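Q: What shape does this take:
(chains A and B)
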Amino acid sequence: MKGGRRAMKPFRVLCPTGHLSFTPLEKGSFLLACGYGPDAIAADAGSCDMGPRPLGADEHVSLEAWQRHDLEVMLLQSRRLGIPMIVGSASDTGTDRGVDQFVALVRDIAKEHRLPPFRLAAIYSEVPVEELKRRLLRRERIEGLCGRPDAGLSILERTDRAVAVMDAEPMRQALAAGADVIIAGRSSDCAIFAAPLLHAGHDPANSYFLGKLMECASFCAEPYMAKESVMGWIDEGAVYVRAMHPDQRCTPLSVASHAMYERPNPYFEHVAGGCVDMTDCVYEQVDDKTTRVRGARFVTSPTYRMKIEGAGFVGHRRIAIVGIRDPDTIRLIDQAVAWARDKVAERFGPDGNSYRLHYHLYGRDGIMGPMEPRPVAAPQELCVVVESVSRDPQVAFEACALGSRNLFYARLPALKGTAGAAAMMSDEILIGEPGYEWTLNHVVMVSGPGDLVRTRHHRIADGAAWGIAR
Amino acid sequence: MKLVELASTIRSKNAGVDHITFDIICRERHNFERVRDSGVLNRASVARLFGIEEARVTDFVVFEPAQAIKFTIRRLRPSGCKGETDMFGSQQYAPLFDVEIP
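A: Residues are numbered from 1 along each chain as shown, chains lettered A, B, ... in the order given. Now for the predicted structure:
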């Protein structure tokens, strides 16, 4: 432990929300928690859940008004209490744009509230696709995760934007350099909480593990509530998490359930510098609202590898909605779809050439598709959502129009209703958001935590950010 | 008895962009032991239930601290890509409800 701090109370980290600004955080339990003497406030602002478009198009999905709300609530308490505030994966995706946007919001909020000067570290981890290409040219591996093949030039050509996922080290270094507020690019969720704990002198095993438990805030507590605060600390080799909402508790079951949430395997959490091994964790209730966990281990990896997330534009999307009530059409829906597909193919060639068509059959297997064990053979109504994707917006429009209107004209045997085999909710082709794909879910070898990460230190005073030369 | 009557939570969710993970949690210890010890849920049986190759079940774990059985399926397409039907992977668990546990 550093500086004899352990003679005092344990270092406490407060997490007010599991995804900053996706919807606004709940202020009540956060302000309550601020009365319990937190030593740092930390939150994750990003996720891959919204699909590849936000990263590929470099857009945020959270409303800026909500981003401002959450940052303001946190910043005012952080400055009032004189404790660091750490936000990772800024603006949903953690691109450089996201970091800059959050820095600008923090500056505006500071100005509006005339906050005394403070130091802000902006940590960037976007990786230019050109940089990845250079690595390929140097014959460095861009190794596929989750069964993906290694990335070659063709995958990089399909990538519009990529970010490297940092561990706690760049944020810990920023704290060591005196940062009061950290706005970081794409980060491992647990690292955002591990950074202040590591800076306070705690070991990586418990620091990362506590971060893993806390990163979704009140999701580790029961009953189910989102966006409520939780507090975490480390004491005598164990981690503690406490629900801060008056009606929530952290129980061994709720905490363990969360330890396995959104992850393929409940025992391992990988970060750039190593892996948290949770195999031998023991969960115990210590008081009504607090659970203690012992037994996390950290396995330092012999090589330093950073995960890279990348996304690229696939095409423009158009959508049409068609309803079917005729039992014969419903029974023969596969034939009707085949008819419509043929009509599109007559015009543009086979699916996969210049366009793709997807038929979502809501009422039969629209949600589970081929994984549906019991597709309904004869629902009373069927909703067909026709989705087209093409790099040419006109082709996307036509493919969707032909692919939906031809359900209306499908030539089916013994059809009684000869005035139209389908019902149009409205004869319109809706413009969808552009389609993107996850091109990269890979790792690259780096020389150290700072290899793909750049930190800029600012002094925020009178609402202006002054770069500090370093 | 059906699994839905023994489990307090049955859920599915993305685990990264290439996987969907399923959690079956029993609040009552005896229910958990009954589900666990029945052996009805395993890699082969969940693969059969969802009509997929067993190789796509990348993880199958009995997670004692949460009184849970957890398994993970590799997606055919990454989340949110064209033709997506369940972007968060959050509605794939329903077929588990009716699994018969002796």
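Q: Using the three-state scheme, assign residue 32.
A: Since you didn't name a chain, this refers to chain A. helix (DSSP: H, G, I helix; E, B strand; the rest coil).
Q: wait, I meant chain B there
A: Going by three-state DSSP: residue B:32 is helix.
Q: I'd guessed it sits against residue B:26; true?
A: Yes. With contact defined as CB atoms under 8 Å, residue B:32 counts as touching residue B:26 (3.7 Å). Where C-beta positions appear, they are placed from N, C-alpha and C, glycine not excepted.
Q: Please identify every residue contacting each of those two.
A: B:67, B:68 (CB atoms under 8 Å, 6 or more residues apart in numbering or on different chains).
Q: and residue A:206, how many neighbours?
A: 26 (other CB atoms under 10 Å in any protein chain shown).
Q: Please tell me how far residue B:50 sits from chain A.
A: 4 Å (CB to the nearest CB, to the nearest Å).
Q: which stretches of the stretch 151-300 of chain A form helices?
A: If DSSP state H, counting those that start in this stretch is used as the criterion, the helices of the stretch 151-300 of chain A fall at A:153-157, A:169-176, A:189-199, A:204-214, A:252-259.
Q: Can you check which of the ones you listed gets nearest to chain B?
A: The closest of those to chain B is helix A:252-259. By CB to the nearest CB, the value is 3.7 Å.
Q: which regions of chain A lie under the pLDDT threshold?
A: A:1-8, A:463-470 (pLDDT under 70).
Q: ok, how many other residues are close to whichever residue of it sits closest to chain B?
A: At 2.1 Å from chain B, residue A:51 is the closest residue in chain A, using CB to the nearest CB. As a burial measure, residue A:51 scores 25 neighbours (other CB under 10 Å).
Q: Pull the contacting residues for the closest residue in space to it that isn't next to it in sequence.
A: Spatially, and ignoring its direct neighbours in sequence, residue A:51 is nearest to residue B:80 (2.1 Å; CB to CB, 6 or more residues apart in numbering or on different chains). Counting by CB under 8 Å, 6+ apart, residue B:80 touches A:50, A:51, A:52, A:53, A:436, A:438, B:17, B:87.
Q: Hmm, the third one is touching residue B:77, no?
A: I take that to be residue A:52. No. Between residue A:52 and residue B:77 there is no contact under CB under 8 Å: 10.8 Å.
Q: if you count what's nearby, which of the two comes out ahead?
A: residue A:52 (29 against 15).
Q: related to what we said a few turns ago, which residues does the residue of chain A closest to chain B contact?
A: Residue A:51 sits next to A:436, B:79, B:80, B:81, B:84, B:87 when contact means CB under 8 Å, 6+ apart.
Q: Now list the buried members of those residues.
A: A:436, B:79, B:80, B:81, B:84 (16 or more other CB atoms under 10 Å in any protein chain shown).
Q: tell me which of these is nearest to residue A:249?
A: residue B:79 (31.9 Å; CB to CB).
Q: In TSV: the contacts of residue A:51, plus secondary structure.
A: Output for those, formatted as TSV (three-state DSSP):
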residue	secondary structure
A:436	strand
B:79	coil
B:80	coil
B:81	coil
B:84	coil
B:87	coil
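Q: Tell me which two of those residues sit farthest apart.
A: Top of the distance list for the contacts of residue A:51 (CB to CB): A:436 and B:87, 12.1 Å.
Q: So which bits of the stretch 301-450 of chain A are right by chain B?
A: Proximity of the stretch 301-450 of chain A to chain B is confined to A:309, A:314-315, A:317, A:356, A:358, A:360, A:366-374, A:387, A:389, A:435-438, A:441 under the rule CB under 8 Å from any CB of the partner chain.
Q: Now, of those, which are buried?
A: A:309, A:314-315, A:317, A:356, A:358, A:360, A:366-369, A:371-372, A:387, A:389, A:435-438, A:441.
Q: hey, where'd the strands end up in the stretch 201-350 of chain A?
A: A:230-235, A:238-243, A:268-271, A:274-277, A:282-287, A:290-294, A:297-300, A:304-324 (DSSP state E, counting those that start in this stretch).
Q: Done for today, thanks.
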